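S.K.: any chance you could fold what I've pasted below:
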Amino acid sequence: MERVPLDRRMCYIEQGRLDIRPSPLAVIGPILILLLGVGLLIALAFLMNRLPAAGAALMLLVAMVAVAFGGLGTVHSLMGSYLLVEAEKQSVRFQQGLLGLGLGTRELVPFWKIDHIELADGDLGEGRGPAFPLDMRAWEVVLVKTNGKRLTIGQVTVPQVEELVDEGFSRAYRVAEAVAHLTGRPLVITAALEPETALEPEEEKAGKEAS
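M.R.: A predicted model of the protein is given here:
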């Protein structure tokens, strides 16, 4: 099985199947929230007789919310999935998010409804939050349906440093290539390519081979 890291996700590529799941590190946050909820419940059991009714009720409410969301988040991080491509079933399944545990299908796209797979420049969200301390570069892998609808598969974001840009593009390209191969649909690259990343023109290749 091949693993390709994406932003906050991990892509698992194997024969006839591609699965995008939460990053292994994504389980840390939900586990901490779950432990907080459990800790509050334990503390409440020992302090019940010493707390005022309103304080105990508030503590219980916070504990229940923490346990619920921490538990859901932990299950989603360990067992959930964002996207599943299966050659045998000839379909791409976009799974539900956290509250759906990543187990239910949000959108099912048969292979014959896919026009192409696109590797595009990613949206860095300029103007929608604090600026990155470094210049960043992002790529987005997109499934484009025959009706023109665009569904994001995953994104890779790296600092604008030559070595990291090449490595980031390679990761995004590998995922896009794998999805295109599994679905049997063309891969279209609309992202602006760096000179070192761009493929050589066929004329130059032919000239090199002739020499």
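S.K.: any regions of this protein where pLDDT drops low?
M.R.: 76-77, 79, 96-105, 125-133, 194-211 (pLDDT under 70).
S.K.: where along it do the helices fall?
M.R.: Taking DSSP state H, the helices of the chain run over residues 28-47, 53-79, 162-183, 202-210.
S.K.: which among those helices is found nearest to L108?
M.R.: helix 162-183 (13.3 Å; Cβ to Cβ). Placement of C-beta: from N, CA and C, glycine included.
S.K.: pull the CA atoms of that closest one into CSV?
M.R.: Extracted C-alpha coordinates of helix 162-183, given in CSV (Å, rounded to 0.1, in the frame of the first residue of the first chain):
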residue,chain,number,x,y,z
GLU,A,162,12.1,25.1,-4.6
GLU,A,163,12.7,21.7,-3.0
LEU,A,164,9.3,21.8,-1.1
VAL,A,165,7.4,23.0,-4.2
ASP,A,166,8.8,20.1,-6.3
GLU,A,167,7.9,17.6,-3.5
GLY,A,168,4.4,19.1,-2.9
PHE,A,169,3.6,19.1,-6.6
SER,A,170,4.8,15.4,-6.8
ARG,A,171,2.4,14.4,-4.0
ALA,A,172,-0.6,16.2,-5.6
TYR,A,173,0.3,14.8,-9.0
ARG,A,174,0.6,11.2,-7.7
VAL,A,175,-2.9,11.4,-6.2
ALA,A,176,-4.4,12.9,-9.3
GLU,A,177,-2.7,10.4,-11.5
ALA,A,178,-3.9,7.5,-9.3
VAL,A,179,-7.5,8.7,-9.4
ALA,A,180,-7.4,9.2,-13.1
HIS,A,181,-5.9,5.7,-13.6
LEU,A,182,-8.5,4.0,-11.4
THR,A,183,-11.4,5.8,-13.1
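S.K.: what's that helix in contact with?
M.R.: Contact with helix 162-183 is made by 4-6, 11, 13, 16-18, 85, 87, 92, 111, 114, 116-119, 137, 139-141, 143, 153-158, 186-187, 189, 191, 193-194, 196-197, as judged by Cβ atoms under 8 Å, 6 or more residues apart in numbering.
S.K.: dump the residue contacts of I20.
M.R.: 6, 9-12, 81-84, 153-154.
S.K.: could you do V85 as well?
M.R.: 17-19, 91-93, 179, 182-183 are the contacts of V85 under Cβ under 8 Å, 6+ apart.
S.K.: ok, so what distance separates the closest residue to it other than its chain neighbours from N147?
M.R.: Nearest in space to V85, with sequence neighbours left out and distances taken as Cβ to Cβ, 6 or more residues apart in numbering, is L18 at 4.1 Å. L18 sits 23 Å away from N147, going by Cβ to Cβ, to the nearest Å.
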